[in-house]
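J.: Sequence below, structure please.
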Amino acid sequence: MINEIVINGYRGLDNFKIDGMTKFNLLVGPNNSGKSSLLEALFMHFGPLNFRILFSILTFREGGFQTNPHYIVEQMKWFFTDPMNRKNFDISIAGNWGKVKRKTTISLSKYLGYEDTSRQLQQITNKVVPISGKIEILEPGESKGITIGTFSFSFESSKHKRLKHEVEINTEESLKLGPPPIETDVKAVFSDPFLHRRLGAGLEEYDKSVKTGHHTKCLKLLQEVDPDITNVSILLAAGGIPQLYVDHKRTGLAPIGTLGDGIRRIYLLATQFVQCKGGVLLIDELEDSVHWLALNQFINWIVDAANELNVQIFATTHSLECIDAILASKLLKSKDLSLFRMKKQNGQIICKKIRGDTLETIRYELGQDVRW
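T.: Predicted structure coming up:
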């Protein structure tokens, strides 16, 4: 279990420290107070040397997939704190996983903006250019491409020697998302609030949940929300495209999306637990798409699954009903719950911890709102 994290240079999180984390950690605060950024930083910390994670975070934020090299570098530039006013692009994330100290660093070098790249390409395509010791004359449009950004990663821990990895983004080469040089020592899954709406979402998670015997538990959660659901399976839709289907007493076999966003989000989140057994589940907007009447069953299921699979949870929320549902869970001990209230103060993001027992007092005895 991670109990401390120190972040420098990631978005609005600079000289930022949070400690005293427990089994179930809630992140609250106003918009743009760094809640999602903290989840993303944790995701990067547990996926060292992995450019795919940066690309995933970009996809979460922008809501789609882009392969244009200029777009990727320009958007990822904003991962770094105050990118318009700094010369060095560096992120440092250090933390303690139990007794193991870990540190991940990410930097962007050789950065060229779109206008600078265009000027260099124009110069290249209109003059003699030395390449590999030879002289080649390039006609307009025959550029070999130039590097517009190099992402450098390093990782070290009290169990690992320092390891390095680089990913170079070139104007003329397709983006290569190969596997990272090392397998992570901590399994982490990021559940963003829009993942369940993407085409093909849930197929891989369904497969793993069936193979590990977790599928029955996921189905039971759906049945608590809608008792008419009898099964979930993968079937081929028109054109041979695999899709998640729900067997329903009233509608028969139907794509899971026909039952609404709430069912899709609940099911996908349930199946993601298998992927991070013994690790960390990062949930952005825990209550998203879930009706408040279903929150108690939903939260109880999550707490039970986290206990069974030994998963530490970090979740953002804007909902007071969601916080109350967590406090009402009989399966969650107060010592295993922490709430972290984040806000901006004098240009810095600060964080205040409220322990589970104190949180109960604030809500049940004083009736106060703890989100701000």
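J.: For Thr258, which non-adjacent residue is spatially closest?
T.: Thr251 (7.2 Å; Cβ to Cβ, 6 or more residues apart in numbering). In this view, the C-beta of every residue, glycine as well, is placed from N, C-alpha and C.
J.: Please read off the pLDDT at the one you found from the model.
T.: Thr251 carries a pLDDT value of 88.
J.: Please tell me how far it sits from Arg197.
T.: 20 Å (Cβ to Cβ, to the nearest Å).
J.: And Thr150, by the same measure?
T.: Thr150 sits 34 Å away from Arg197 when distances are taken as Cβ to Cβ.
J.: And for His45?
T.: 27 Å.
J.: Check Ser329 too.
T.: Relative to Arg197, and taking Cβ to Cβ, Ser329 is found at 27 Å.
J.: Which one of these two is surrounded by more residues?
T.: Ser329 (17 against 14; other Cβ atoms under 10 Å).
J.: check contacts around His248.
T.: Neighbouring residues of His248 by Cβ atoms under 8 Å, 6 or more residues apart in numbering: 226, 228-230, 254, 259.
J.: and what of Asn32?
T.: 12, 344.
J.: Same question for the one 4 residues further on.
T.: Residues near Ser36 by Cβ under 8 Å, 6+ apart: 284, 316.
J.: so which helix or strand takes in it?
T.: helix 35-45 (DSSP states H and E).
J.: After that helix, which helix or strand is next?
T.: Downstream of helix 35-45, the first helix or strand assigned by DSSP H and E is helix 51-62.
J.: From the chain's centroid, how far away is whichever helix or strand comes after that following helix?
T.: As assigned by DSSP H and E, the chain's next helix or strand after helix 51-62 is helix 69-76. Remark: helix 69-76 is offset 19 Å from the chain centroid, using Cα atoms, centre = their mean, to the nearest Å.
J.: quick revisit: who wins on neighbours among the contacts of His248?
T.: Most crowded among the contacts of His248, counting by other Cβ under 10 Å, is Ile229 at 23 neighbours.
J.: Confirm for me that that residue is in contact with Leu219.
T.: Yes: in this structure Ile229 lies within contact range of Leu219 using Cβ atoms under 8 Å: 7.4 Å.
J.: Need the CA coordinates for the longest helix seen in the chain. PDB is fine.
T.: Longest helix in the chain, counting residues (DSSP state H): helix 295-309. Output in PDB follows, covering the C-alpha atoms of helix 295-309 (Å, rounded to 0.1, in the frame of the first residue of the first chain):
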ATOM      1  CA  LEU A 295     -24.900   4.200  -4.500                       C
ATOM      2  CA  ASN A 296     -25.200   2.100  -1.300                       C
ATOM      3  CA  GLN A 297     -25.100  -1.200  -3.100                       C
ATOM      4  CA  PHE A 298     -22.400   0.100  -5.500                       C
ATOM      5  CA  ILE A 299     -20.100   1.300  -2.700                       C
ATOM      6  CA  ASN A 300     -20.600  -1.800  -0.600                       C
ATOM      7  CA  TRP A 301     -19.600  -3.900  -3.600                       C
ATOM      8  CA  ILE A 302     -16.500  -1.900  -4.200                       C
ATOM      9  CA  VAL A 303     -15.400  -2.000  -0.600                       C
ATOM     10  CA  ASP A 304     -16.000  -5.800  -0.500                       C
ATOM     11  CA  ALA A 305     -14.100  -6.400  -3.700                       C
ATOM     12  CA  ALA A 306     -11.200  -4.200  -2.500                       C
ATOM     13  CA  ASN A 307     -10.900  -6.200   0.700                       C
ATOM     14  CA  GLU A 308     -11.100  -9.500  -1.100                       C
ATOM     15  CA  LEU A 309      -8.500  -8.600  -3.800                       C
END
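J.: which of the residues in it are buried?
T.: Residues of helix 295-309 classed as buried: 295-303, 305-306, 309 (neighbour count, 16 or more other Cβ atoms under 10 Å).
J.: now this protein, which segments are flagged as low pLDDT?
T.: 63-65, 112-145, 173-176 (pLDDT under 70).
J.: where do the helices sit along the protein?
T.: Under DSSP H, the chain gives helices at 35-45, 51-62, 69-76, 114-124, 203-211, 215-225, 261-272, 295-309, 320-328, 356-360.
J.: Quickly note the distance from Thr358 to Leu366.
T.: 10 Å.
J.: Kindly report the same for Val210.
T.: From Val210 to Leu366 the distance is 46 Å (Cβ to Cβ).
J.: more crowded one of those two?
T.: Using other Cβ under 10 Å as the criterion, Val210 and Leu366 rank with Val210 on top: 17 against 9.
J.: Return the residues in contact with that one.
T.: Contacts of Val210 (Cβ under 8 Å, 6+ apart): none.
J.: mind listing what the residue lying closest to Lys23 once chain neighbours are set aside touches?
T.: Once flanking residues are discounted, Lys23 sits nearest to Asp336: 3.9 Å by Cβ to Cβ, 6+ apart. Taking Cβ under 8 Å, 6+ apart, we find Asp336 in contact with 22-24, 356.
J.: 10 Å instead?
T.: Neighbouring residues of Asp336 by Cβ atoms under 10 Å, 6 or more residues apart in numbering: 22-25, 303, 306-307, 312-313, 356.
J.: next one: Gln297
T.: 220-221, 223-225, 266, 290, 325.
J.: can you redo the residues you listed as JSON lines with neighbour count and distance to Phe80?
T.: Output for these, formatted as JSON lines (neighbours: other Cβ atoms under 10 Å; distance: Cβ to Cβ, whole Å):
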{"residue": "Lys220", "neighbour count": "13", "distance to Phe80": "44"}
{"residue": "Leu221", "neighbour count": "22", "distance to Phe80": "39"}
{"residue": "Gln223", "neighbour count": "14", "distance to Phe80": "46"}
{"residue": "Glu224", "neighbour count": "16", "distance to Phe80": "43"}
{"residue": "Val225", "neighbour count": "19", "distance to Phe80": "41"}
{"residue": "Ile266", "neighbour count": "24", "distance to Phe80": "35"}
{"residue": "Val290", "neighbour count": "24", "distance to Phe80": "34"}
{"residue": "Ala325", "neighbour count": "22", "distance to Phe80": "37"}
